[in-house]
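Peer 1: Sequence plus the predicted model coming up.
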Amino acid sequence: MNTLVILAHPNLDESIANKRIAEQLSTKVETIEVRDIFKRYADYKIDVEAEQQALMKADTVIFQYPFYWYNMPAILKIWFDEVFNFNFAYGPEGDKLKGKNFLLSFTIGGPEDAYSPLGYNHFRISDFLKPMEQTAYLAQMNYLEPIYEHGMVYIPGVYNTPEVVKERSDKQAQRVVERINALSNENPESMIKNFVKDWFAHFDILAEDGYFNNYIANGAKLKFPEGEFIGHEGFSAWYAEVKKTIKPNNEHRIESINVVANNGHFDVDMSVKVKAEKYSGETVQANAKENWKVEVTRDGRIKILEYIVNSVQ
Ligand SMILES: Cc1cc2nc3c(=O)[nH]c(=O)nc-3n(C[C@H](O)[C@H](O)[C@H](O)COP(=O)(O)O)c2cc1C
């Protein structure tokens, strides 16, 4: 598997975290290219052709950068504006990145508790990442769960020590290496199992329907205790009712899961324990037997063709 790291830091000489993570990735990951885009384009004049060539060779693209003003450094924004262009990343012929993995790995100065509705940054990190997530979807790439660590800034005499930042950087680099190794060894069955886990984690927090619809095939058959629905519109209609009824932070525990290849698709049979609280104050505890029919497309994307919740007790 070819891995490409787009390293975006406007002052790498003074970096502790990103420099260290990039160095570790380049020594610990096989067939990796680390492109320091600020070093290449300090004048912000991007060689679009060269960047697109590098992307075409990659199976996994990692964006490694420091979190700046709740976003990415300017060099990376310009890079996206120019490199992810019409008929390359989107548009009628814009499928050149289709199926490639898209992984954000960034370092955050502020502490974790600041990034919550009651913290001084008000929003969750995942809220700040929405434009990137949708960029990956539009380019038909696989948006992977981002990897980041908090408290990555060292301000002499005020906040942290260089040792603490280095330790956290090593931890982050290790997490990225493990993710790449997992991707390299993945077979469709384990890919589906990981996906199902991720799917229910999104249900637990009642994530936006864009996440779910990204994996639902056009015209998919969906059968819930509440009735039968078809495709994206059907899912969104069903989900809107669910969101009105139950509170976020519920629990879906996968008790058992079985994935079997069947004539070009996979049958996924599972039992799931659901625990949720309704807005009415009632607590729901149920065992659901679910049978899904899933396709893994040739470029490694998962599509749900059928989603049947068979019985709930
Ligand atoms: C211009 C600038 C903007 C920053 N904005 C944020 C921010 O919005 N939130 C945050 O938690 N940290 C912020 N930081 C702290 C950086 O995220 C932190 O310094 C960086 O992750 C450390 O990585 P490095 O050692 O590779 O430079 C900012 C730092 C700079 C220089």
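Peer 2: Structure's in. What do you need? All values derive from a computational prediction rather than experimental measurement.
Peer 1: Up against the ligand, what does this structure have?
Peer 2: By C-beta under 6 Å from any ligand atom, the residues of the chain that approach the ligand are 9, 15-18, 66-70, 107-110, 152-153. Where you see a C-beta, it was placed from the backbone N, CA and C, and this is true even at glycine.
Peer 1: Tell me who's in contact with the nearest residue to residue 95 once chain neighbours are set aside.
Peer 2: Excluding its sequence neighbours, the residue lying closest to residue 95 (C-beta to C-beta, 6 or more residues apart in numbering) is residue 140, at 6.1 Å. Listed by C-beta atoms under 8 Å, 6 or more residues apart in numbering, the contact set of residue 140 reads 95, 97-99, 299, 301.
Peer 1: got those as JSON lines, with secondary structure columns?
Peer 2: Formatted as JSON lines, the contacts of residue 140 follow (DSSP: H, G, I helix; E, B strand; the rest coil):
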{"residue": "95", "secondary structure": "coil"}
{"residue": "97", "secondary structure": "coil"}
{"residue": "98", "secondary structure": "coil"}
{"residue": "99", "secondary structure": "coil"}
{"residue": "299", "secondary structure": "coil"}
{"residue": "301", "secondary structure": "coil"}
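Peer 1: picking up where we left off before, next step: the residues of the chain next to the ligand restricted to helices.
Peer 2: With helices taken from DSSP state H, the overlap with the residues of the chain next to the ligand comprises 17-18.
Peer 1: now, the most widely separated pair of the residues of the chain next to the ligand?
Peer 2: 16 and 70 (20.6 Å; C-beta to C-beta).
Peer 1: which of the two has more neighbours?
Peer 2: Neighbour count, other C-beta atoms under 10 Å: between residue 16 and residue 70, residue 16 has more, with 19 against 14.
Peer 1: For the host helix or strand of residue 268, buried residues please.
Peer 2: Using DSSP states H and E, residue 268 maps to strand 265-277. Buried residues in strand 265-277, defined by neighbour count with 16 or more other C-beta atoms under 10 Å: 265-266, 268, 270-272, 274, 276.
Peer 1: Distance check, the closest residue to the ligand within the chain against residue 116.
Peer 2: Here the chain gets closest to the ligand at one residue, residue 109, 2.7 Å apart by C-beta to the nearest ligand atom. Distance, residue 109 to residue 116, by C-beta to C-beta, to the nearest Å: 16 Å.
Peer 1: More neighbours: which of those two?
Peer 2: Between residue 109 and residue 116, counting by other C-beta under 10 Å, residue 109 is the more crowded of the two (18 against 13).
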